[in-house]
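> Test case, fold it:
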Amino acid sequence: MAARSNVPATIPALGGEQSLNRYLAEIKKFPILQPEQEYMLAKRFQEHGDTEAAAQLVTSHLRLVAKIAMGYRGYGLPVSELISEGNIGLMQGVKKFEPDRGFRLATYAMWWIRASIQEYILRSWSLVKMGTTAAQKKLFFNLRKLKGQMQAIEEGDLSPEQVTKIATRLGVPEEEVVNMNRRLAAPDSSLNSPVKAEGDMEWQDWLVDESPNQEARLADSQELGQRKHMLAQALKTLTDRERHIIVERRLVDEPKTLEDLSAKYGISRERVRQIEVRAFDKLQKAMKNMVVDAANESSRKAVEHAAAR
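Next comes the predicted model:
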């Protein structure tokens, strides 16, 4: 069981199918936070232990948990339990989130949510008996997708060529591919068949488009552009030497060594390291100030807009 977080949040109760439907409707009522709101709430929780701020961070991301959990429906476990485990991961993510690193909570928490759900699935399938190495976990969660890509969706064993291809792709022994395929084998059901004998809900009602929608892609693009702009502005606060050292040490695909830079500037490696640390601290401070200024400006505009109405 994933470790329970002490981050409180007013999360609707989960239970049976009707309860799940109510839950999915209820979590849509929680507002999605703007970047500056998210940053300030995260800072309040990080610096002051503000549990109300943490609760807002959690509830604003419950829809993300539900979306991710829906992607694991094919493992035969109740969706409500997958969501509950994902919520635990979300709370852990909120607890460990560092807003000054410059990325959104959703990007960071996604790893915690998936990890919590996957650990629950592995426990439920009793894969401990088969081993739970990183490679085996990768096989467990990717076998269905690879079979779909190879159009090997019929029941029964895979062909030797398919086994070899999957084993090579995932870096596992062929025997493990065969064993895992047999373990996961189950009869196909029509997507139009009912989830329960008594009820109108069909399996296809649970299908979710996993690709990001246009709004999400636009938001990600805008966020990336904002981060790049902030970094460019923050770099201007450094001296030429500081800027060159921080770029060569942390912002290129093949970083220079301390020895390379010490030779270029005729100083010791320790002195280069000190300049790098100082430059990084100045960058962080400059970017933090820009985020705070942006949040203040957004709040000012919101007040002016409200007053004008």
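
> mind listing the helices for this structure?
Taking DSSP state H as the test, the helices found in the chain are 17-27, 35-48, 51-59, 62-70, 79-96, 105-124, 134-149, 160-170, 174-184, 214-235, 240-250, 258-265, 269-308.

> Using JSON lines, lay out those helices together with distance to I11 and mean neighbour count.
(Each C-beta comes from the backbone N, C-alpha and C, glycine too.) Shown next, in JSON lines, are those (distance: least, C-beta to C-beta, whole Å; neighbours: other C-beta atoms under 10 Å):
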{"stretch": "helix 17-27", "distance to I11": "8", "mean neighbour count": "15"}
{"stretch": "helix 35-48", "distance to I11": "17", "mean neighbour count": "18"}
{"stretch": "helix 51-59", "distance to I11": "7", "mean neighbour count": "20"}
{"stretch": "helix 62-70", "distance to I11": "7", "mean neighbour count": "20"}
{"stretch": "helix 79-96", "distance to I11": "6", "mean neighbour count": "23"}
{"stretch": "helix 105-124", "distance to I11": "14", "mean neighbour count": "19"}
{"stretch": "helix 134-149", "distance to I11": "26", "mean neighbour count": "15"}
{"stretch": "helix 160-170", "distance to I11": "36", "mean neighbour count": "16"}
{"stretch": "helix 174-184", "distance to I11": "31", "mean neighbour count": "16"}
{"stretch": "helix 214-235", "distance to I11": "23", "mean neighbour count": "13"}
{"stretch": "helix 240-250", "distance to I11": "39", "mean neighbour count": "17"}
{"stretch": "helix 258-265", "distance to I11": "48", "mean neighbour count": "15"}
{"stretch": "helix 269-308", "distance to I11": "27", "mean neighbour count": "14"}
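
> Mean pLDDT for these - can I get that in a markdown table?
Converted to a markdown table, the helices of the chain look like this (pLDDT from 0 to 100):
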| stretch | mean pLDDT |
| --- | --- |
| helix 17-27 | 81 |
| helix 35-48 | 92 |
| helix 51-59 | 92 |
| helix 62-70 | 92 |
| helix 79-96 | 91 |
| helix 105-124 | 86 |
| helix 134-149 | 71 |
| helix 160-170 | 82 |
| helix 174-184 | 75 |
| helix 214-235 | 70 |
| helix 240-250 | 89 |
| helix 258-265 | 90 |
| helix 269-308 | 77 |
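
> Quick check: L105 vs I113, distance?
With the distance defined as C-beta to C-beta, to the nearest Å, L105 ends up 11 Å from I113.

> who touches both of these two?
Common neighbours of L105 and I113 are listed as G93 (criterion: C-beta atoms under 8 Å, 6 or more residues apart in numbering).

> My guess is A54 contacts G93. True?
No: applying C-beta atoms under 8 Å as the test, A54 and G93 come out as separate, 11.0 Å apart.

> residue contacts, E174?
By C-beta under 8 Å, 6+ apart, the neighbours of E174 are V163, T164, A167.

> Now that the first one has come up, it's in contact with N179, right?
No: in this structure, V163 is not within contact of N179 by C-beta under 8 Å, at 10.6 Å.
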